[in-house]
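Novice: predicted model and sequence below, questions to follow.
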Amino acid sequence: MRCFCALLMVAILGGCGASAEDRLADARAGLADADYAAALSAAEAGLRAQPDEVTRWGLELARLEAQARSGRGEAAKQQIERLADAYPEHVPVTQYAATAHQLRSAGEGPAAIEVLDLAMKRHPGDPMIERLIAASVSASAGVDSDELDMLRSLGYVE
């Protein structure tokens, strides 16, 4: 038991001096391994390390993806909107589409619909977002689901 505790302390202390770039690499590795909790933790640690702008952007995207893939719908919605407010030119409709797909894959269909709705508000009339919303409407037709309820609440279905 003492050996395990000692190894744990070495691992914790060894990670304290990691750079933001190291944390970005850790976050990307966590995403690749589907260890979303580790990816999120690494991204947040990297952001606390006051990274340069390029590394910050990579960490912010890693955090967004980890939130979405782990089914943290509310956090992912807040993150993508915060990024779109701060960096509107760097958050295209494709990022909204990817985040919505990740949320849906994590079982967060209603949050995915909300992300598509956020995209529609920022990019009104965008054909990709319109197609994705229409596909969501078609997929939920005749089915009573939380996703259908979200589509109704946002006015996409009567």
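Specialist: On my side now, so go ahead. Residues are numbered from 1 along each chain as shown.
Novice: residue boundaries of the helices in this protein?
Specialist: 2-16, 20-32, 36-48, 53-69, 73-86, 93-105, 109-122, 127-140, 146-153 (DSSP state H).
Novice: so which of these is the most surrounded?
Specialist: helix 109-122 (a mean of 23; mean count of other C-beta atoms under 10 Å). In this view, the C-beta of every residue, glycine as well, is placed from N, C-alpha and C.
Novice: residues in contact with the closest residue to Ile129 other than its chain neighbours?
Specialist: Once flanking residues are discounted, Ile129 sits nearest to Ala119: 4.7 Å by C-beta to C-beta, 6 or more residues apart in numbering. Neighbour list for Ala119: 93, 96-97, 100, 126, 129 [criterion: C-beta atoms under 8 Å, 6 or more residues apart in numbering].
Novice: just checking, Gly107 touches Arg72?
Specialist: No: using C-beta atoms under 8 Å, Gly107 makes no contact with Arg72, being 11.4 Å away.
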